[in-house]
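Engineer: kindly generate the corresponding structure for this input.
(chains A and B)
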Amino acid sequence: MLVLQVLTNGILLGGLYAVVALGLALVWGVLDIINLAHGAFIMLGGYLTYYLFTGLGLDPFASLPLVMLAMFVLGYLIQWGLLNFLVRAPMFNMLLVTFGIDVVLTYLAQIMFSADLRTIRPAYAGSNFTVGGVTVPWTNLLAFVVALLLTGLLALFLQRQRWGRAIRATAQNLGAARLHGVPPRFAYALTFGIGAALAGGAGTLYGMVAQLTPYVGVPLTAKSFAIAIIGGLDNPLGVIVGGLVLGLAEAFGSLWLGPTYRDAVSLGLLVLVLIVRPTGILGRAS
Amino acid sequence: MALLEVKKMNAGYGDADVLRDVDLHVEEGEIVAVVGSNGAGKTTLLRALSGVIASRGEVRFAGRDAAGMAPDEAFGRGLVQVPEGRQLFDRMTVQDNLRMGAFRRRDAAAVRRDFQRMYELFPVLGERRNQLAGSMSGGEQQMAAMARGLMAAPRLLMVDEMSLGLAPVIVERLLEVLTDIQKQGVTVLLVEQDVHSALSVADRGYVLERGRVALTGPARELLDDPRVKEAYLGL
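Structural biologist: Numbers count the residues shown, from 1 in each chain, chains lettered A, B, ... in the order given. Purely as a prediction, here's the structure:
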């Protein structure tokens, strides 16, 4: 019974992890930018949801689209006004700049929101149901469903929509995309905006199942990085695999090795995947 | 009035000009071949026309000034390039590659008709529409690249080195397609190292030599002109 419970916890956590990493994987795969501010975007999304809930009484699931829209605008502007100037620059420059954005956002958050722990707790928080002896918290289940939904929507957008195709085309062959009428600066800003929106949505879900502080960004970026590596960058559905692998590994790692080793399990897994299959589990063999 | 008119074009990379004072024009409905040896400036000419690199001089396209356009703007005005080396979106299906050709088009019904037309023109693409473009043979990829360009409903299709590395029988087929699409009203600027095949389908030709127009005239005359061989061999 305990194993089933841990399995359920791991899967629910994995779904959340998938959406946590989704934006980072998209931006990395298309723009070749490892966005070190990704976790800070998640943190901002979480706080935005928190204040919409405590200030306006807006249900977190209802505020999700609003948060995503606001984060899209922020991401779009950051790419348009700042990162577009660095697109062909060496990777190290981009790491420095996104790290800088992370630091600025983290300490702005500390000044504006204080360092107190916050949790978004709507009336149904803490309620759960039991199936065959396994307890499932409603919030975690809903967060899981929304996470899969967002991942699926992104995959559909990239596969079926005109601009989704343009984004993939830009990622695969920038020169040819330009020759076929795709304005690259706009495609980049659109991609980064979508990445930030997904981070914002992840923040909403994260804030409901975990505690928010201004400092959650860096560990979330690290986790997203691991998930993106495990799942590969080619296909948004890869992050579901990566998220589930990591969620399950952490859940069972905590059970068998103790919760202290949770991060050791996830980072150990990252190292293992990098050695055995550097293009990710679903990634294309190079 | 010429569809494309280029006067005294200079273009190159950094400080070094590859093209020097190139004059060239393409009339509506023509196939015009630009031939020359490696390094004569053929690809540079196309890159300058589609705005990938900067150029100086006069360019008029469809009666409007077209100098210094960005590539997506050139594309939007119907100046469409089929680039050297195909440059397909390798990890997208053939169909999605063609859809990217129609990226700027809003006329959904006409786009659907053009899909049909492409699959009639290149039946093999119809059979492989759901296959990844990168998994096809060189000849099929060249067909997909041409179909992608045609899906843009170009006013001028600029084809760069389409015969490079392909079997003669496939080159024959692609040349037939060029005359077919000419009949359907598409104007073509064909850039080729393969002088003979390019001039065999063209109405007129230009011979580029070290960045200058060395010779120009009706394609039939150029085919028989000994100076073409000289220019081409750099003698």
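
Engineer: got the phi and psi for the closest residue to B:Asn38 other than its chain neighbours?
Structural biologist: Spatial nearest neighbour of B:Asn38, chain neighbours left out: B:Gln193 (6.7 Å); criterion: CB to CB, 6 or more residues apart in numbering or on different chains. (Each C-beta comes from the backbone N, C-alpha and C, glycine too.) Torsion angles at B:Gln193 (phi, psi; degrees, to the nearest 10) stand at phi -80, psi -30.

Engineer: close enough to count as contact, A:Arg168 and A:Gln161?
Structural biologist: No - counting by CB atoms under 8 Å, A:Arg168 stays clear of A:Gln161, with 10.3 Å between them.

Engineer: quick one on the thing from earlier: report pLDDT for the residue nearest to B:Asn38.
Structural biologist: Predicted confidence (pLDDT) at B:Gln193: the value is 87.

Engineer: next up, the contacts around it.
Structural biologist: Contact analysis of B:Gln193 by CB atoms under 8 Å, 6 or more residues apart in numbering or on different chains lists B:35-38, B:42, B:161, B:163-164.

Engineer: tell me which residues touch A:Arg118, please.
Structural biologist: So A:Arg118 contacts A:46-47, A:50, A:207, A:211-213 (CB under 8 Å, 6+ apart).

Engineer: give me the element B:Gly68 is part of.
Structural biologist: Assigned by DSSP states H and E, B:Gly68 falls within no helix or strand.

Engineer: skip the chain neighbours and tell me the closest residue to it.
Structural biologist: Closest to B:Gly68 by CB to CB, 6+ apart is B:Ala54, at 6.8 Å.

Engineer: where are the low-confidence patches of the chain?
Structural biologist: Looking at chain A here, since you left the chain open. A:282-286 (pLDDT under 70).

Engineer: ah, I was thinking of chain B
Structural biologist: Along chain B, segments meeting pLDDT under 70 span B:231-235.

Engineer: the strands in it, which residues?
Structural biologist: B:4-13, B:16-26, B:31-35, B:55-61, B:64-65, B:79-82, B:156-160, B:187-192, B:204-209, B:212-218 (DSSP state E).

Engineer: how distant is the fifth one from the center of its chain?
Structural biologist: When C-alpha coordinates are averaged (CA atoms, centre = their mean, to the nearest Å), strand B:64-65 and its chain have centres 20 Å apart.

Engineer: contacting residues around the closest residue to B:Val171 other than its chain neighbours?
Structural biologist: Closest residue to B:Val171 apart from its sequence neighbours, by CB to CB, 6+ apart: B:Ser163 at 4.5 Å. By CB under 8 Å, 6+ apart, B:Ser163 lies in contact with B:171, B:174, B:192-194, B:197.

Engineer: try 7 Å
Structural biologist: B:171, B:192, B:194, B:197 (CB atoms under 7 Å, 6 or more residues apart in numbering or on different chains).

Engineer: so the second one versus chain A, what's the distance?
Structural biologist: I take that to be B:Glu192. 19 Å (CB to the nearest CB, to the nearest Å).

Engineer: most neighbours per residue, which of the strands of chain B?
Structural biologist: Mean neighbour count, computed with mean count of other CB atoms under 10 Å in any protein chain shown, is highest for strand B:79-82 among the strands of chain B, reaching a mean of 28.

Engineer: leaving out the residues flanking it, which one is nearest to B:Arg210?
Structural biologist: In this structure, B:Arg210 finds its nearest non-sequential neighbour in B:Ala40, 6.5 Å apart by CB to CB, 6+ apart.

Engineer: how near is that neighbour to chain A?
Structural biologist: Look at B:Ala40 and chain A: by CB to the nearest CB, they are 22 Å apart.

Engineer: so that residue makes contact with B:Leu208?
Structural biologist: Yes - counting by CB atoms under 7 Å, B:Ala40 sits close enough to B:Leu208 to count as a contact (4.1 Å).

Engineer: one step back: list just the nearest of the contacts of B:Gln193 to A:Leu257.
Structural biologist: B:Leu164 (58.6 Å; CB to CB).

Engineer: I'd like the distance between the closest one and A:Ala202.
Structural biologist: For B:Leu164, the distance to A:Ala202 equals 47 Å [CB to CB, to the nearest Å].

Engineer: okay, those two: which has more neighbours?
Structural biologist: Using other CB atoms under 10 Å in any protein chain shown as the criterion, B:Leu164 and A:Ala202 rank with A:Ala202 on top: 34 against 15.

Engineer: please, which helix or strand holds that one?
Structural biologist: Using DSSP H and E, A:Ala202 sits within helix A:184-209.

Engineer: helices and strands around the following helix or strand past that helix, which ones?
Structural biologist: Proceeding C-terminally, helix A:184-209 gives way to helix A:217-231 as the next helix or strand, assigned by DSSP H and E. Helix A:217-231 sits against helix A:2-31, helix A:38-56, helix A:237-257, helix A:262-276, with contacts defined as 3 or more CB pairs under 7 Å, 6 or more residues apart in numbering or on different chains; DSSP states H and E.

Engineer: figure out which of those is closest to chain B.
Structural biologist: Set against chain B and scored by CB to the nearest CB, these come closest in helix A:2-31, at 11.0 Å.

Engineer: that closest one near chain B at all?
Structural biologist: No - against chain B, helix A:2-31 shows no contacts by CB under 7 Å from any CB of the partner chain, the least distance being 11.0 Å.

Engineer: and that helix, how far out from the chain middle?
Structural biologist: With CA atoms, centre = their mean, you get 8 Å for helix A:2-31.

Engineer: report the buried residues of that helix.
Structural biologist: A:6, A:8-31 (16 or more other CB atoms under 10 Å in any protein chain shown).

Engineer: and what of stretch B:119-138?
Structural biologist: Of all the residues in stretch B:119-138, those buried under the rule 16+ other CB under 10 Å are B:119, B:121-122, B:124-126, B:128-129, B:132-133, B:136.

Engineer: about what we covered before: mind giving me the packing neighbours of the helix holding A:Ala202?
Structural biologist: Using 3+ CB pairs under 7 Å, 6+ apart: helix A:184-209 touches helix A:2-31, helix A:38-56, helix A:60-81, helix A:138-160, helix A:162-172, helix A:174-179.

Engineer: burial count for A:Gly57?
Structural biologist: Around A:Gly57 there are 8 residues (other CB under 10 Å).

Engineer: so what's it up against?
Structural biologist: Here A:Gly57 is in contact with no residue (CB under 7 Å, 6+ apart).

Engineer: and stretch A:272-279, how far from the chain's centre?
Structural biologist: Remark: stretch A:272-279 is offset 21 Å from the chain centroid, using CA atoms, centre = their mean.

Engineer: touching chain B at all, it?
Structural biologist: No - if you take CB under 7 Å from any CB as the test, stretch A:272-279 misses chain B, and the best it gets is 12.9 Å.

Engineer: show me what from the stretch 101-250 of chain A comes close to chain B.
Structural biologist: Going by CB under 7 Å from any CB, the residues of the stretch 101-250 of chain A near chain B are A:162, A:165-166, A:168-169, A:172-173, A:175-176, A:178-183.

Engineer: buried subset of those?
Structural biologist: Taking 16+ other CB under 10 Å as the criterion, what is buried in those is A:165-166, A:168-169, A:172-173, A:176, A:178-183.
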